[in-house]
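A.B. asks: please find the sequence and the predicted model below.
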Amino acid sequence: MENYLEINKNSWNAKVDPHVKSDFYFVDEFLKGRSSLNSIELELLGDIKGKSILHLQCHFGQDSISLSRMGAEVTGIDLSDKAIETGKDLAQKCGTDTKFICSDVYSLPDILNQKFDIVYTSYGVIGWLPDLDKWAGVISHFLKQGGKLVMAEFHPAVWMFDDDFTKVSYNYFNEKPIVETYEGTYADKSAEIVQEYVMWNHSLAEVLQNLIKHNIELKVFQEFDWSPYPCFNHVEEFEKGKWRIPVFGNKLPLVYALKGEKK
């Protein structure tokens, strides 16, 4: 899949407008001060005032801006040029000095010369990357000694199932690229979008071993039986801001989160 970057860039560019207009991303409330960050990542981040943060795969920058509002110096990067332009516009409207760079993760060391206190990445990000060895190397490259990685991500167990959670359709392990075409988007299933995408499944071992390999020591690892987003089919909100897939109840992990430190 040599052209996966082009395919996925087109896919994410197509999502920006419907996402900005969707209730999922609550842009009107966000402009009035609502944070896009969830309790899972906030607890791992702690006090970030004055910290420098690199936000990988930031989409159109809501988390980046939310981190800026907490007093951090934030640089958000994303593959989608349309998302980055939207992020810049949103930051200007919010009155933050959040910086944005259009780049894929692997190319970033070629265009950004800075070390950070924290690298942050969250929810639906690593599936767009074929090589987690290279990914972990980029994270390590940008972290200062003693710097922290804070990551929240959907659990790989979820990605084994078909969209309606009726059967196991995909390998838990990174067997091969998953090339499919979708209609709509997780934030607006009625959006008039038909786009091809390329993804990869990554086991927990693949994530953790590559971070360890690149001198990132695991400090916290957590799993959650709920999602802070209603992005899957057939979800039910069992507590405010917490969704589960009814057929599984609390029996399936939907999210994991971790904090690592560069040794």
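C.D. replies: Ah, there it is.

A.B. asks: residue boundaries of the helices in the stretch 51-200 of the chain?
C.D. replies: With helices called from DSSP state H, counting those that start in this stretch, the stretch 51-200 of the chain shows them at 62-69, 81-94, 132-142.

A.B. asks: and L218, which of those helices is closest to it?
C.D. replies: Nearest to L218, of all the helices of the stretch 51-200 of the chain, is helix 132-142, at 11.9 Å by C-beta to C-beta. Any C-beta I mention is one placed from the backbone N, CA and C, and that applies to glycine too.

A.B. asks: now the element after the longest helix along the chain, going C-ward?
C.D. replies: When the chain is parsed with DSSP state H, its longest helix is helix 4-21. Per DSSP states H and E, the first helix or strand lying C-terminal to helix 4-21 is helix 27-31.

A.B. asks: in that next one, which residues are buried?
C.D. replies: Of the residues in helix 27-31, those buried by neighbour count under the rule 16 or more other C-beta atoms under 10 Å are 27, 30.

A.B. asks: identify all contacting residues around the longest helix of the chain.
C.D. replies: 1, 25, 27, 59-60, 78-83, 86, 104, 128, 130, 177, 185, 187-188, 191, 193, 195-198 (C-beta atoms under 8 Å, 6 or more residues apart in numbering).

A.B. asks: in strands, which of those residues fall?
C.D. replies: 78, 195-198 (DSSP state E).

A.B. asks: for PyMOL, write the select line for the buried members of the contacts of helix 4-21.
C.D. replies: Only the buried entries of the contacts of helix 4-21 go into this PyMOL selection, using 16+ other C-beta under 10 Å:
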select buried, resi 25+27+59+60+78+79+80+82+83+86+104+128+130+185+187+188+191+195+197+198
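
A.B. asks: ok, back up a step: winner for burial among the helices of the stretch 51-200 of the chain?
C.D. replies: Neighbour counts (mean count of other C-beta atoms under 10 Å) averaged over each of the helices of the stretch 51-200 of the chain peak at helix 62-69, with a mean of 25.

A.B. asks: who does that one touch, helix- and strand-wise?
C.D. replies: Secondary-structure packing of helix 62-69 (3 or more C-beta pairs under 8 Å, 6 or more residues apart in numbering; DSSP states H and E): strand 52-56, strand 73-78, helix 81-94, strand 116-122.

A.B. asks: could you redo the last one with a cut-off of 7 Å?
C.D. replies: On a contact count with 3 or more C-beta pairs under 7 Å, 6 or more residues apart in numbering; DSSP states H and E, helix 62-69 meets strand 52-56, strand 73-78, helix 81-94.

A.B. asks: CA atoms only: put it into PDB for me.
C.D. replies: Only the C-alpha atoms of helix 62-69 are listed here, as PDB (Å, rounded to 0.1, in the frame of the first residue of the first chain):
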ATOM      1  CA  GLN A  62      -9.900  20.600  19.300                       C
ATOM      2  CA  ASP A  63      -7.800  18.600  21.700                       C
ATOM      3  CA  SER A  64      -4.800  20.800  20.800                       C
ATOM      4  CA  ILE A  65      -6.700  23.900  21.600                       C
ATOM      5  CA  SER A  66      -8.100  22.400  24.800                       C
ATOM      6  CA  LEU A  67      -4.600  21.700  25.900                       C
ATOM      7  CA  SER A  68      -3.600  25.300  25.100                       C
ATOM      8  CA  ARG A  69      -6.500  26.500  27.200                       C
END
